[in-house]
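Trainee: Please work out how this folds:
(chains A and B)
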Protein chains: 2
Amino acid sequence: MALTLEQLNTAAGAVALLEGIYEHSPWIAQQALARRPFASLAQLKHAMATVVREATPDKQLALIRAHPELAGKAMVAKTLTAESAGEQSAAGLTQCTPEEFARIQQLNAAYNAKFGFPFILAVRGPRGSGLARARIIAAFERRLDNHPDFERAEALRNIHRIAELRLNDRFGHEPELGNLLWDWHEDLAQHSDPGFSQNGQLTVTYLTDAHRACAMAISGRMRECGFDEVEIDAVGNVVGRYHPVGPSTGSGRTGKTLLTGSHYDTVRNAGRYDGRLGIFTPMACVHALSRSGERLPFGIEVVAFSEEEGQRYRANFLASSALTGHFDAAWLDQKDADGVAMADAMRHAGLPGSMQAVAALRRDPSRYLGFVEVHIEQGPVLNELDLPLGIVTSINGSVRFTCEVTGMASHAGTTPMNRRRDAAAAVAELALYVEQRAARDGDSVGTIGMLSVPAGSVNVVPGRCQFSLDLRAPNDAQRDALVNDVLAELQAICARRGVRHTAEQNMRAAAAPSAPDWQQRWERAVETLGVPLYRMPSGAGHDAMKLHLVMPQAMLFVRGENAGISHNPLESTTSDDMQLAADAFLALLRQLAEEQSA
Amino acid sequence: MALTLEQLNTAAGAVALLEGIYEHSPWIAQQALARRPFASLAQLKHAMATVVREATPDKQLALIRAHPELAGKAMVAKTLTAESAGEQSAAGLTQCTPEEFARIQQLNAAYNAKFGFPFILAVRGPRGSGLARARIIAAFERRLDNHPDFERAEALRNIHRIAELRLNDRFGHEPELGNLLWDWHEDLAQHSDPGFSQNGQLTVTYLTDAHRACAMAISGRMRECGFDEVEIDAVGNVVGRYHPVGPSTGSGRTGKTLLTGSHYDTVRNAGRYDGRLGIFTPMACVHALSRSGERLPFGIEVVAFSEEEGQRYRANFLASSALTGHFDAAWLDQKDADGVAMADAMRHAGLPGSMQAVAALRRDPSRYLGFVEVHIEQGPVLNELDLPLGIVTSINGSVRFTCEVTGMASHAGTTPMNRRRDAAAAVAELALYVEQRAARDGDSVGTIGMLSVPAGSVNVVPGRCQFSLDLRAPNDAQRDALVNDVLAELQAICARRGVRHTAEQNMRAAAAPSAPDWQQRWERAVETLGVPLYRMPSGAGHDAMKLHLVMPQAMLFVRGENAGISHNPLESTTSDDMQLAADAFLALLRQLAEEQSA
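Mentor: Next up, the predicted model:
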């Protein structure tokens, strides 16, 4: 018989009800229960994680050490807790080959020697259904390379995930929409461009065979979900429309439409969630509405944008640009690396390949309520703070430069310190300035990502140093102030050191602050889930930046695992977090429905 | 009729005697003459240069602007001073092809636009006999790229060189030994390894055909100079001995010997003076002694070391190591890039190729007075200070490391500043520390010469940063304190930033402080020339470091042009500076002779 929140909130000996959720650590349940009553399971999970966050390092370490080693002595001696034994067995760790078993013992030893605590992995994984042994071993090998501070936090995050799954079991909670979403992502990831499909690599670039297969898969899935209209448009966007209450066709429909979606193309060797989560989340909501026969007072239009990453053609955001009327006709003549013009690629894909057809995709903003987009965070913040969702305040404006400092190469032994014109030392000074100046804003970021002394030698004072500069801030004024300060400092450093510099601007993108009313809708939606609010800028660009040009927009971020790594196969999120994203989206829909009805 | 110093020191209207030495700037002669009497022409030259050094920037600029453009309007209009006209004509600038003339006009315009003053080049060059037009144009193109501060100083240095040559003419002074030395270097530079001989590149690595040709040329030159014994020894050193007074052979010779010399091998694409100046300078002195039939109370043994640069085999200093008994027998089995063992290379060159033969080269230190070495500075100090000679206080001890910092690569847009583990920022912090810490010692140097973020991207926070570390100081204790501080700082930076590092030591060489009595002999020798004393450590390693292990040693540095550039075809020095080096060496010989006789 599953536990209920009602029971937990009212029971006298409630600690017993949470026994075993955190391995051998009843103090966590005890302290978390002081925060009763809980409005949702998500709130309880967060409360327990927060108790651990706020505990002393000693207590945290004791919690980590309370866990058994993977496939370790305790498993062999069958002295595991029932939960651990079940989890390790479900992950197949009781059926290791002798080689796998030996490798795990070797890793256990190396890990313990380096970190002083056992390796903790939520072996039931992001879907709760268990990780393959090969993936467990790969994760073990990868994490052995982490910094000790980071790895301790990663161990705690895995403990929270183990606890989450145990709580789901105890409360009989199944993240149905989340699991559906997880499976849809997995299913879509089977399509990958040739040459990039080995080792489970995922690469889907504009209008390749894999890309067209994705479009077909998404449109089929939309139909299954109960969308009323599904089409693939002239730039390859898959568009699904779920009609509002009232006459389902013709001029009778007067209500406005909520526009949402994200992109299904990927970078090379990508993750599975970037973009696609923002397509599938509203699809799962329509699936839920349709299943219960529910219609809202406004239409829902989900667009699976065909292009956002700029991999095959340099015209990135071409798909959302088509909707906003910013598609540049010259893009049709752009050629890919193989010399195939975009218009020809379109025709090859069965699309018209004409500007006329593209121009017809332009939306009339007056017919839309606004645009919302769900996206995986692609950053470490939510992961580090143990928060499943984040409210985007703005998509940062950014500027990029390619720079070079030229000093004078000279003999490292014979050139006194006060007679040097060291190009790299000048860049080092700038790097520290960028770091401090961006940090001063709180929410700006500045990065020197490329850095090299061309043909440098151990015994030669650097005569040249090349570097890139990437500066971003939540609004253009803040970004421009940052850029001005950094360039002025570069100027001053170079003047003081008697070296020269060049700085070529390669990119400048305007910030897209969230529309306040739409940001508030996301905030209220997240609050209804009992999940803490966390506001943050988006450092990466998104389709919402384009829609921002013609209608109000706001985004919701979903936590990524593995320090939020993105553009990488390790990109991951759990079905529980995806469930919360779908729940938040549904809550936003209901708010809008109430507003429209009022 | 040539002017004499006596006349200049006593004349009432002496300014007129120096008219035209510094173009249209009688104030320089005026102020310099306040320092009369001058003991040597070198002292007068230095006095005039010092007046310019100490003048206001305005006066310096006025001096530069007083010079005509190269092949410029003044030349065409024949309004040059007689000196300038003669110099430009001697350099063939009156016989430019139309293309050359056009190119020079173009460069004049670009140079003036960038620097605001005309391009000044001592077109009579380092030998005083005129530069080829192609070399003039190449120098022009190269210097157009200089930093304005540096180029202004370079213009003044060229003005001093123009003045030096005009003074030589006015005083009827011919640097005979200097010109001889200049020509010997030029002659030896015709031998270069195949594949490196295009564009006048100079590369002479151990026991190649070019290397053996150099040995033959040097031994022939030694015989011409009047050495009593000349041989090529078992490691390819060319050894010349000039006997002391008394019985010239057999057991009758009891006097000790002064050992001197340097190396004739080169790095790849080398300059012409590195090493060779230390062979030829004492040879020129023996040439002078022999010509006048003079013998000293001690023998002179000049060794042209066959190897110092470690280019073909990793056993660098093998040649001087043979003399000190530090030749490692295992080196004979070392293979070059083509798989040729050193012993085989020796046999191919007609040398025994046996350890027995090498071991026999070991010198008995008790039979030697000490070791002195003349070397081009290979650094910018003397050039910047307008000083022809420098006294070496110590050959710096050095340590080299190859290092890597590992942080965590993450998205440049989505990773807040306070959540980064930026490997490059950590290295930037260290770079500035190295700079400040080395500068604090005054005469230590620290260099990060290699620096790169492997596979960095503009939008990725650096997860790795590789760099080299080269730390040197005049004594081992100072060097070790520097190394300890830098490594401790690296440790502290990494701990604070939560990144990891590795630092692999690749090299550790002990410092070789000059023997005080030998350093003083060089100082007295330089003082007799009327040239100011300047003491400095040697940042680069030299054969003297090896000899230091068994006998007292001290070195003399000679100014290099072009900011002292070395290991580069632009390495250069003038015949006037080489004359001073020979004069200093002769003065040192005479001091020793007096000491031995006393």
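Trainee: What about residue A:48, how many residues nearby?
Mentor: 25 (other Cβ atoms under 10 Å in any protein chain shown). The way it works is simple: take the backbone N, C-alpha and C, and place the C-beta from them, glycine included.
Trainee: And the pLDDT at it?
Mentor: On the pLDDT scale, residue A:48 is placed at 97.
Trainee: Tell me how far it lies from residue A:207.
Mentor: Distance, residue A:48 to residue A:207, by Cβ to Cβ, to the nearest Å: 47 Å.
Trainee: Residue A:501 now?
Mentor: 41 Å.
Trainee: which one of those two has more residues nearby?
Mentor: In this view residue A:501 and residue A:207 are compared by other Cβ under 10 Å, and residue A:207 has more residues nearby, 27 against 22.
Trainee: In contact with that one, which residues?
Mentor: Applying Cβ atoms under 8 Å, 6 or more residues apart in numbering or on different chains, we find residue A:207 in contact with A:236, A:306, A:312, A:345, A:346, A:348, A:349, A:351.
Trainee: let's go with 10 Å and repeat that
Mentor: In this structure, residue A:207 makes contact with A:215, A:235-236, A:265, A:306-307, A:312-313, A:336, A:340, A:342, A:344-351, judged by Cβ atoms under 10 Å, 6 or more residues apart in numbering or on different chains.
Trainee: now swap in residue A:384 and tell me
Mentor: So residue A:384 contacts A:53, A:150, A:153, A:154, A:157, A:559, A:563, A:564, B:416, B:419 (Cβ under 10 Å, 6+ apart).
Trainee: give the contact list for the first one.
Mentor: Neighbour list for residue A:53: A:46, A:60, A:153, A:156, A:160, A:384, A:385, A:386 [criterion: Cβ under 10 Å, 6+ apart].
Trainee: Just the pLDDT at the fourth one, thanks.
Mentor: It refers to residue A:156. With respect to pLDDT, residue A:156 has a value of 97.
Trainee: Rounded mean pLDDT for stretch A:452-466, please.
Mentor: Computed over stretch A:452-466, the average pLDDT equals 92.
Trainee: residues of it that come out buried?
Mentor: Residues of stretch A:452-466 classed as buried: A:452-453, A:456-466 (neighbour count, 16 or more other Cβ atoms under 10 Å in any protein chain shown).
Trainee: all helices of the stretch 301-450 of chain A, in order?
Mentor: A:318-324, A:342-348, A:355-359, A:381-385, A:423-441 (DSSP state H, counting those that start in this stretch).
Trainee: What is the least confident helix or strand in chain A?
Mentor: helix A:73-76 (a mean of 67; mean pLDDT, DSSP states H and E).
Trainee: which residue of chain A sits farthest from its center?
Mentor: Relative to the centre of chain A, the most outlying C-alpha is that of residue A:414, 50.9 Å out, by Cα atoms, centre = their mean.
Trainee: In this model residue B:383 seems to touch it, though I could be wrong.
Mentor: No. Contact criterion Cβ atoms under 10 Å: residue A:414 and residue B:383 do not qualify, at 11.0 Å.
Trainee: Report the set of residues contacting both of the two.
Mentor: Contacts common to residue A:414 and residue B:383, judged by Cβ under 10 Å, 6+ apart, are B:377, B:560, B:564.
Trainee: Pull the number of nearby residues for the last one.
Mentor: Residue neighbour count, defined by other Cβ under 10 Å, stands at 25 for residue B:564.
Trainee: Relative to residue B:275, how far out is it?
Mentor: Between residue B:564 and residue B:275 the computed distance is 15 Å (Cβ to Cβ).
Trainee: now the second one
Mentor: Shown here: residue B:560 relative to residue B:275, a distance of 13 Å by Cβ to Cβ.
Trainee: got it, and the first one?
Mentor: Counting by Cβ to Cβ, the gap from residue B:377 to residue B:275 is 13 Å.
Trainee: Residue A:364 now?
Mentor: Distance from residue A:364 to residue B:275, by Cβ to Cβ: 81 Å.
Trainee: Compare those two and say which is more crowded by neighbours.
Mentor: Neighbour totals were compared for residue A:364 and residue B:275, and residue B:275 leads with 28 against 8 (other Cβ under 10 Å).
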